[in-house]
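**Student:** the sequence isn't on hand, but the structure is:
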């Protein structure tokens, strides 16, 4: 998920779990709160693997640092660093044990939230290198963001109103609002999980021009939790279509068909490259196209789980007439951007 959502999650966890400082105008331990917010974003340190090239990014992004073990290690490091920073500062309470626990929860919340998206994480690394993705939530979830903003902002607004009328301020309202927000986030996740299950069952329960589904995927859209993007693999094709929970029946449902290419020497040569192996380790529904290019061939692979494949992850391999690899490159984002080379 996006960094702003992770930051708000850390702030809500801090308010829900850290003790209130009873004296002074500052009701929340600022250093401890900052530590929890940093821990909630710590697993995204693997984003900088992109500086080493697309291959390293594919191999390490959402991998070691996003696993439960890796996130726990990052949470511990953050808690220790901030505890050392706070030592000797009289304005800050000593919270080594509780700070450690809340930083662990914040780091794990990051991993679990990314686990609910379609990108997936290596949840049980290093015991298992398998990628796990639930496909429940989009990368940017406005409904989750609204809940978190209300959990932080509404108690703050009520506190300001209370200060105006002279009501005593204990910090209980902020803690209560944060805990209600966490419960609402959990309920939202449960609802999305059920809607995802319904979408998958719909995709599996029908034929596509007489072709039976072999594997299906239902991917969420950002603003409408009742509308999903379906991708279906059959023996010979990939089908993409929209799955709407409460949409009225309007005759024959439309879907787009992508025919799988037959095995060929240029395709086999392209799939044998290291870049292709890295790409296939992350792609959920890889679709390949092979076409003549200059005096040779060009193979292009893209992941159909992306609503706009030109803005997702693609692999391009240029081959000579004798199927030797001339160039291989993994692209991120819009194709008009200059691609990074591995």
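**Tutor:** Okay, I see it. Computed from a predicted structure; not experimentally measured.

**Student:** show me what contacts the spatially closest residue to residue 104 that is not a sequence neighbour?
**Tutor:** Excluding the flanking residues, the one nearest residue 104 by Cβ to Cβ, 6 or more residues apart in numbering is residue 75, at 4.3 Å. Just so you know, the C-beta spots here come from the backbone N, C-alpha and C atoms, and that holds for glycine as well. By Cβ atoms under 8 Å, 6 or more residues apart in numbering, the contact set of residue 75 is 39, 42, 100, 103-108.

**Student:** repeat for residue 316
**Tutor:** 298-301, 327-329, 331, 339 are the contacts of residue 316 under Cβ under 8 Å, 6+ apart.

**Student:** quick one: buried ones out of the contacts of residue 75?
**Tutor:** 39, 42, 100, 103-108 (16 or more other Cβ atoms under 10 Å).

**Student:** tabulate those residues (TSV), appending secondary structure, distance to residue 210 and pLDDT.
**Tutor:** Output for the buried ones among the contacts of residue 75, formatted as TSV (DSSP: H, G, I helix; E, B strand; the rest coil; distance: Cβ to Cβ, whole Å; pLDDT from 0 to 100):
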residue	secondary structure	distance to residue 210	pLDDT
39	helix	52	97
42	helix	50	97
100	helix	59	92
103	helix	55	96
104	helix	52	96
105	helix	50	97
106	helix	50	97
107	helix	49	98
108	helix	46	97
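
**Student:** ok, which pair from these is furthest apart?
**Tutor:** 42 and 100 (13.6 Å; Cβ to Cβ).

**Student:** just confirm the residue nearest to residue 104 is within a strand.
**Tutor:** No - Residue 75 sits outside any strand when classified using DSSP: H, G, I helix; E, B strand; the rest coil, being helix.

**Student:** quick one, grab the pLDDT at it.
**Tutor:** Per-residue confidence (pLDDT) for residue 75: 96.

**Student:** any chance you could map the helices in this structure?
**Tutor:** Taking DSSP state H, the helices of the chain run over residues 3-17, 30-41, 54-60, 68-86, 96-115, 142-165, 172-204, 265-271, 274-282.

**Student:** of these, which is nearest residue 124?
**Tutor:** The nearest among the helices of the chain, by Cβ to Cβ, is helix 68-86 at 7.0 Å.
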